[in-house]
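Undergrad: Give the three-dimensional model of this entry:
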Amino acid sequence: MDLETLPTPALLLDVERVRRNADRIGKRVRDLGARLRPHVKTHKSIEVARIQTEGHSRAITVSTLAEAGAFIAGGFRDITYAVPIEPGKFKTALTLAKSCEKLNLITDDPEIPALLNQAARSEHVTVDLFLKIDCGYHRCGVEPDSREAVEIPRRISDSSNLRFAGILTHAGHSYHYDSRDERLTIARHERDVMRNLATQLRDSGNDVPTVSIGSTPTITIVDHLEGIDEARPGNYIFFDAFQAAIGSCALDDCALTVLAAVVHRDLKRNKIVIDAGAIALSKDRGAIEFDPTCGYGRVLNLEGHNLDLHIDSLSQEHGEIIVENGDISRLRVGSRVRVLANHSCLSAAQHSHYNVLDCGRIVDRWEIQQGW
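TA: Residues are numbered from 1 along each chain as shown. Predicted coordinates for the structure are as follows:
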């Protein structure tokens, strides 16, 4: 099956670009002196995870317990579940912890260590627990200069069935800057906050086994990782239109596109409608802070070349493209295009599988692990 006959919408994965991205960032993390623990929520694919962990420890990061279960079944044995654990998920998490070498959990709540310890003791299992630190994103985590930053590690270390895994952060606010200097400042701050807190904890008698950071915009630009043990970037394996807009990558680094067909053409209004809408692309607005006209994705031809068109609006199954300047006669009903979506992680999560593209040909089909 080729791109002209593949049913649409369909998810296309350029495997050569995946390998190139994996090699580049994997080497960068290693050269900076840290271990790689990639976040697999971007792709949720066993095959992609094998590519990006080749030559590394095969340690990974997940965003759902369903992902953890699927990747354990796929042979991965060292996993960090990077969403703060809550009591409703204790039972599932502890069951998974018994089936792998290590399942790291995270928390930023002073009450969780005692509750989790009680549950772990009743299940006769010992769990590794990270403290989540807020390095400026303000989504989750404790402030590094707060009382909790010292108290929670102590509570974990004093627990019979918990091990203090270390401190972990995510500089998600780095996505809001398209200036190289600003992203470098955030990357340095992410690093320095964490290594300074680790020093403080160690000086006060707390062992800090691992200092963990991670985001694609910071790992692609940080100048050194002294004092950092591991990095957990995720989006880099595919990149996307957003990352290209803020300068984390070039357009030809982007590995994921959605194949779509033109289903309507309005010559009077210079409008084209394709059969890929919100549930094929996601409704992520992209880098609208920097490019108000970015729409919901860039439109490419079948060879992957930019047509200088954007998806202007989405409904559930329809994507509308307004061609303000240019000839749309070449895009007839039935013509195929590829859409480079704003956020590859969200786009991938809308689909059941990847159509693996190598040298312009579909060579395989890789399943996407779904569920929570």
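Undergrad: Surely residue 190 is in a helix?
TA: Yes. Under DSSP: H, G, I helix; E, B strand; the rest coil, residue 190 falls within a helix.
Undergrad: wait, what's in contact with it?
TA: Residue 190 makes contacts with 135, 136, 169, 171, 174, 213, 215, 218, 222, as judged by Cβ atoms under 8 Å, 6 or more residues apart in numbering. Every C-beta, even on glycine, is put in place using the N, C-alpha and C of the backbone.
Undergrad: how about the nearest residue to it, chain neighbours excluded?
TA: Leaving aside its chain neighbours, residue 190 sits nearest to residue 171 (4.1 Å; criterion: Cβ to Cβ, 6 or more residues apart in numbering).
Undergrad: pLDDT score assigned to that neighbour?
TA: Residue 171 carries a pLDDT value of 97.
Undergrad: Does it touch residue 134 like I think?
TA: No. With contact defined as Cβ atoms under 8 Å, residue 171 and residue 134 do not form a contacting pair (10.0 Å).
Undergrad: Looking only at neighbour counts, state which of the two leads.
TA: The neighbour comparison of residue 171 against residue 134 (other Cβ atoms under 10 Å) goes to residue 171, with 25 against 18.
Undergrad: what's the spacing between that one and residue 305?
TA: Distance check for residue 171 against residue 305: by Cβ to Cβ, to the nearest Å, it reads 33 Å.
Undergrad: returning to that earlier point: the residue nearest to residue 190 and residue 254, how far apart?
TA: 22 Å.
Undergrad: And for residue 158?
TA: The spacing between residue 158 and residue 254, counted by Cβ to Cβ, is 47 Å.
Undergrad: Also residue 71?
TA: As judged by Cβ to Cβ, residue 71 and residue 254 stand 24 Å apart.
Undergrad: Residue 128 belongs to a helix?
TA: No. Residue 128 is assigned strand when assessed by three-state DSSP, not a helix.
Undergrad: how many other residues sit next to it?
TA: A count of nearby residues for residue 128, using other Cβ under 10 Å, gives 20.
Undergrad: In space, what's closest to it - neighbours in sequence excluded?
TA: residue 165 (4.1 Å).
Undergrad: residues near the one you found, how many?
TA: 22.
Undergrad: Does it touch residue 104 like I think?
TA: Yes. Contact criterion Cβ under 8 Å: residue 165 and residue 104 qualify, at 5.1 Å.
Undergrad: Now for those two: what residues contact both?
TA: 128, 129, 130.
Undergrad: Closest to residue 62 out of the contacts of residue 190?
TA: If you rank these by distance to residue 62 using Cβ to Cβ, residue 215 comes first, at 16.2 Å.
Undergrad: Identify the spatial nearest neighbour of the closest one, chain neighbours not counted.
TA: With Cβ to Cβ, 6+ apart as the criterion, residue 215 has its nearest non-adjacent residue at 4.7 Å, and that residue is residue 171.
Undergrad: contacting residues around that neighbour?
TA: By Cβ under 8 Å, 6+ apart, residue 171 lies in contact with 135, 136, 137, 186, 187, 189, 190, 213, 214, 215, 217, 218.
Undergrad: Name the nearest of those relative to residue 154.
TA: Checking these against residue 154 by Cβ to Cβ gives residue 135 as the nearest, at 21.0 Å.
Undergrad: what about that closest one, how many neighbours?
TA: 25.
Undergrad: Could I get the contacting residues of it?
TA: Contacts for residue 135 (Cβ under 8 Å, 6+ apart) come out as 141, 144, 169, 170, 171, 189, 190, 193, 194, 213.
Undergrad: which ones among the residues you listed are found in helices?
TA: In this view, these that belong to helices under DSSP state H are 189, 190, 193, 194.
Undergrad: Report the separation between the residue lying closest to the last one once chain neighbours are set aside and residue 254.
TA: Put plainly, it is residue 194. Once flanking residues are discounted, residue 194 sits nearest to residue 211: 5.1 Å by Cβ to Cβ, 6+ apart. If you measure residue 211 against residue 254 using Cβ to Cβ, the figure is 31 Å.
Undergrad: likewise residue 282?
TA: The gap separating residue 282 from residue 254 is 15 Å, by Cβ to Cβ.
Undergrad: Could you do residue 351 as well?
TA: Going from residue 351 to residue 254 by Cβ to Cβ gives 16 Å.
Undergrad: the more surrounded of the two?
TA: In this view residue 351 and residue 254 are compared by other Cβ under 10 Å, and residue 254 has more residues nearby, 24 against 18.
Undergrad: Distance from the chain centre to stretch 310-323, please.
TA: Computed by Cα atoms, centre = their mean, to the nearest Å, the chain-centroid distance of stretch 310-323 equals 25 Å.
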